[in-house]
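In: 3D, please:
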Amino acid sequence: MVKYRLWGIRVGLYATIAGVLALAAIILWVLALSWRPTDRFAFQGLDVSAANGEIDWFAVKRGGADFAYVRATAADQRDPRFEANWSAVAETGMRRGASHAYSLCRLAADQANAFNTIVARDDGALPTALELDFSDDCTARPTAPIVLDELRRFITMVESHTGKPLLIKVSKRFDAAYGVTLAIPRPVWAMQDFFPPDYPARRWRMWQASDMRRIDGVDGPVHWDVVAP
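Out: Below is the predicted model:
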């Protein structure tokens, strides 16, 4: 009888511990969804694409966003919501910048021409952001010299159009494969949830601090970004 009673106590204790751990995990998850870096980062905002759907930009601004990056093109295709997002951000008075999601499966010149055709020169806009990461819809993996030469071609064409140096938003895995932040002297936008990244070869100017933050005005998670102090 004592043996069974002890076994029952042990099972109950394990169940209690499991319940506490599950509750703690839920609390941490909820906190992660609303987390943002401290006010030491004075300028904070987000970057979006058509995948974020229709956005209430005034609600986003009330939620603490100072700026927004709006995807204009991916590979050589227009983002379906670029024009709507671009004009709506301007209406709120927030700073805005356009971004391009680069593809290793398209020529750099074709991608640059697509971006330059769709995004008019705007001297008041933030620097163009070049997004560099691997994607499931492109399995090509050219050698580093080829990739870096193509990236330089894209950069030259887009900077000639916009009149200002662009910003390189690069993932850790892409930078490890191609050494972009070492080879190309441009401001870096690094990506890592919650903890400041240390993988770029030069100090980052912007940081994507969360890819899961929830804010009013957007249905679903957003990329939350901060500017270095």
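
In: which residues does residue 62 contact?
Out: Applying Cβ atoms under 8 Å, 6 or more residues apart in numbering, we find residue 62 in contact with 216, 217. The way it works is simple: take the backbone N, C-alpha and C, and place the C-beta from them, glycine included.

In: going forward, begin numbering at 50 instead of 1
Out: From this message on, residue numbering opens at 50, which makes the last subject residue 111.

In: separation between it and residue 141?
Out: Here residue 111 is placed at a distance of 9 Å from residue 141 (Cβ to Cβ, to the nearest Å).

In: and what of residue 276?
Out: On the measure of Cβ to Cβ, residue 276 and residue 141 end up 18 Å apart.

In: now do residue 172
Out: Residue 172 is 19 Å from residue 141, by Cβ to Cβ.

In: Between these two, which has more neighbouring residues?
Out: Just comparing residue 172 and residue 141: by other Cβ atoms under 10 Å the higher neighbour count belongs to residue 141, 17 against 7.

In: From residue 266, how far out is that one?
Out: If you measure residue 141 against residue 266 using Cβ to Cβ, the figure is 10 Å.

In: can you check residue 245 too?
Out: Using Cβ to Cβ, we find residue 245 at a distance of 26 Å from residue 266.

In: More neighbours: which of these two?
Out: Using other Cβ under 10 Å as the criterion, residue 245 and residue 266 rank with residue 266 on top: 18 against 13.

In: From the chain's centroid, how far away is the strand or helix carrying residue 166?
Out: According to DSSP states H and E, residue 166 maps onto helix 157-167. Distance of helix 157-167 from the chain centroid (Cα atoms, centre = their mean, to the nearest Å) equals 21 Å.

In: neighbouring contacts of that helix?
Out: Residues from elsewhere that reach helix 157-167 (Cβ under 8 Å, 6+ apart): 121-122, 124-127, 131, 147, 149, 151-152, 177, 199-200, 202-203, 206-207, 210.
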